[in-house]
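# Give me a 3D structure for the following:
(chains A, B, C and D)
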There are 2 protein chains.
Amino acid sequence: MAAEPSSAGRKTDAADAKRLRADAQRNRDRLVEVAAVVFAERGIDASLEEVARRAGVGIGTLYRHFPTREHLVEVVYRREAEGLCAAAGELAEKHPSDVALEQWMQRFVDYIATKRGLATSLRILLTTNSTLFSDTSGRVSQALRQLVDAAVADGTIRGDVDASDVLHALSGIYSAPDTPEWRDRSRRLVKLLMDGLRFGAGTSARAGE
Amino acid sequence: MAAEPSSAGRKTDAADAKRLRADAQRNRDRLVEVAAVVFAERGIDASLEEVARRAGVGIGTLYRHFPTREHLVEVVYRREAEGLCAAAGELAEKHPSDVALEQWMQRFVDYIATKRGLATSLRILLTTNSTLFSDTSGRVSQALRQLVDAAVADGTIRGDVDASDVLHALSGIYSAPDTPEWRDRSRRLVKLLMDGLRFGAGTSARAGE
DNA sequence: CACTAAAGCGGAGGCGCCTCCGTTTATTAC
DNA sequence: GTAATAAACGGAGGCGCCTCCGCTTTAGTG
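Here you go, the predicted structure:
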């Protein structure tokens, strides 16, 4: 990899990614961005032609960048996961720690929404690329830990729970799928969980109940 | 067959199946028959329009009888399984028992070929209809037992094996999928197995090795 | 037989998938 | 700046999916 013209020996932004022509890079980014929206709107089976149309590129361009639907879906998913992790830091700065946690969990719902559709559609790819889920989920739970620990530390949520408790509590979201009300139900579930977490906040952490 | 005018309150041949008009029944049968051939030829993803075309019916007719590809595939599969079971008896009548067994196993290869393609395509249906595989596989291994026992009994294959041994030996066919040579390899495997089974035939059954 | 209602037929049409290839554009060399 | 070249574009076109609905056929009835 690295230098291939005479001089400039710089790596690209994304490490080893092949150098793309400026217009190609622009289109590619655009496609991913639009695809995220369209998948969210219409589900994972949305028309790729619609994605291309709304991104303002030809269908051929889409297929050059993403030879199969699964490739596109994977990239969207990774981006989603990264966004979710990044959001943890940002929310923590802007909000009291309990609010940050709540908002992050709400966003987590959207993320899971993508992930579930994905799981169906990515089975093929997962054979090849079995790290996809495992390496993102590690980073995601790390982000959650950061938020939970902070909220526990400053006493805005009760002290007798930790990140893995919360993750388990959230796991209800994974199950009971694919009714149209799933998203709303999940949001309510998060609220409920937060109420529980706030209840008894300020009592001495790790006290015996 | 089966009178139905004014009086006769008898069930149809296929138990509760709804009575079809004669032409409808004819088309349906034709479709299943042709679909079996086309799936074998082109794989499970073959064009349904081709199936309809070769069956001499309109695509609409196909979809009326089989609302989804999976429905059609399921029916084809069941038919295949039945044919396989029936073949055991027929082969046993027409051939020496070792030859019957060998030919049946060759046919078993074709059956598995269908089954594997199917497994990928029927995941959805299998959620609903989880007995599909289990209840056919019982009947199939029953058919195998019949052949093996007969061949052991008249000494054309060795006496120290039984049907479940043979089934296990065949299980190699389930694995290592989807290279184009799969079918040929499997046929060779069956031959090999038969050679092994014939070797030492006639020595006293169940003797201590 | 003629008649009729219901069942069935079939293909046009709309949409999406994906490929192929003539045209356009960014980049590099001078 | 211009020229040359490789990279990228994009949409037409071929195919398959599936639905919808006007037309045809069958199975009863008198």
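# Run through the helices of chain A in chain order.
Along chain A, counting by DSSP state H, helices occupy A:22-42, A:48-55, A:59-65, A:69-94, A:97-121, A:123-128, A:131-153, A:163-170, A:182-198.
# Need the winner for burial among the ones you listed.
Stretch with highest mean neighbour count among the helices of chain A: helix A:97-121 (a mean of 20; mean count of other CB atoms under 10 Å in any protein chain shown). C-betas here are computed from N, CA, C, even on glycine.
# So it, near DNA strand C or not?
No. Helix A:97-121 stays clear of DNA strand C (CB under 7 Å from any atom of the strand), getting no nearer than 11.2 Å.
# How far off centre is that helix?
7 Å (CA atoms, centre = their mean, to the nearest Å).
# just stretch A:137-153 next, same as before
14 Å.
# what's next to it, contact-wise?
For stretch A:137-153, the surrounding residues in contact (CB atoms under 8 Å, 6 or more residues apart in numbering or on different chains) are A:81, A:84-85, A:87-89, A:91-92, A:97-98, A:100-101, A:104, A:108, A:111, A:157-159, A:161-164, A:166-167, A:197, A:205.
# Let me see the contact set for the most centrally placed residue in chain A.
Nearest to the geometric centre of chain A sits A:Ala81, at 2.7 Å (CA atoms, centre = their mean). Shown in contact with A:Ala81 (CB under 8 Å, 6+ apart): A:111, A:136, A:139-140.
# And those, which is closest to DNA strand C?
Of all those, DNA strand C sits closest to A:Tyr111, with 22.9 Å by CB to the nearest atom of the strand.
# Can you tell me how far that closest one is from A:Glu90?
Per CB to CB, to the nearest Å, A:Tyr111 is found 15 Å from A:Glu90.
# again, but for A:Gln25
25 Å.
# again, but for A:Ala36
Distance from A:Ala36 to A:Glu90, by CB to CB: 18 Å.
# Also A:Val34?
Taken as CB to CB, the span from A:Val34 to A:Glu90 is 23 Å.
# distance between the ends of stretch A:112-131?
Taking CA to CA, to the nearest Å, stretch A:112-131 runs 17 Å from one end to the other.
# Identify the residues contacting A:Ala46.
With CB under 8 Å, 6+ apart, A:Ala46 has these contacts: A:38-39.
# By mean pLDDT, point me to the weakest helix or strand of chain A.
Here the helix or strand of chain A ranked lowest by mean pLDDT, DSSP states H and E is helix A:123-128, holding a mean of 60.
# Can you tell me which residues in chain A are near DNA strand C?
Within chain A, the positions lying close to DNA strand C (CB under 7 Å from any atom of the strand) are A:5-6, A:21-23, A:47-50, A:59-60, A:63-64, A:67-69.
# try 10 Å this time
A:4-8, A:19-26, A:42, A:45-53, A:58-64, A:66-72 (CB under 10 Å from any atom of the strand).
# circling back to that earlier point, so which of the helices of chain A gets nearest B:Thr179?
Among those, the nearest to B:Thr179 by CB to CB is helix A:123-128 (15.5 Å).
# Give me the below-cutoff pLDDT ranges for chain A.
In the predicted model, chain A carries pLDDT under 70 at residues A:1-17, A:119-130, A:174-180, A:202-209.
# Would you mind naming what in chain A lies close to DNA strand D?
Contacts of chain A with DNA strand D, taken as CB under 10 Å from any atom of the strand, map to A:4, A:18-28, A:30-31, A:49, A:52-53, A:55-65.
# need the helices of chain A in JSON lines with distance to B:Arg183, can you?
Formatted as JSON lines, the helices of chain A follow (distance: least, CB to CB, whole Å):
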{"stretch": "helix A:22-42", "distance to B:Arg183": "39"}
{"stretch": "helix A:48-55", "distance to B:Arg183": "34"}
{"stretch": "helix A:59-65", "distance to B:Arg183": "32"}
{"stretch": "helix A:69-94", "distance to B:Arg183": "28"}
{"stretch": "helix A:97-121", "distance to B:Arg183": "30"}
{"stretch": "helix A:123-128", "distance to B:Arg183": "22"}
{"stretch": "helix A:131-153", "distance to B:Arg183": "33"}
{"stretch": "helix A:163-170", "distance to B:Arg183": "48"}
{"stretch": "helix A:182-198", "distance to B:Arg183": "44"}
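# Nearest to B:Ser171, out of those?
Smallest distance to B:Ser171 across the helices of chain A (CB to CB): 21.5 Å, for helix A:123-128.
# A:Leu72 contacts A:Leu48, doesn't it?
Yes. With contacts counted by CB atoms under 8 Å, A:Leu72 reaches A:Leu48, the gap being 7.4 Å.
# Can you check which residues contact both of these two?
With contacts taken as CB under 8 Å, 6+ apart, A:Leu72 and A:Leu48 have A:Leu62 as neighbours in common.
# can you give me phi and psi for A:Gly155?
Torsion angles at A:Gly155 (phi, psi; degrees, to the nearest 10) stand at phi 80, psi 10.
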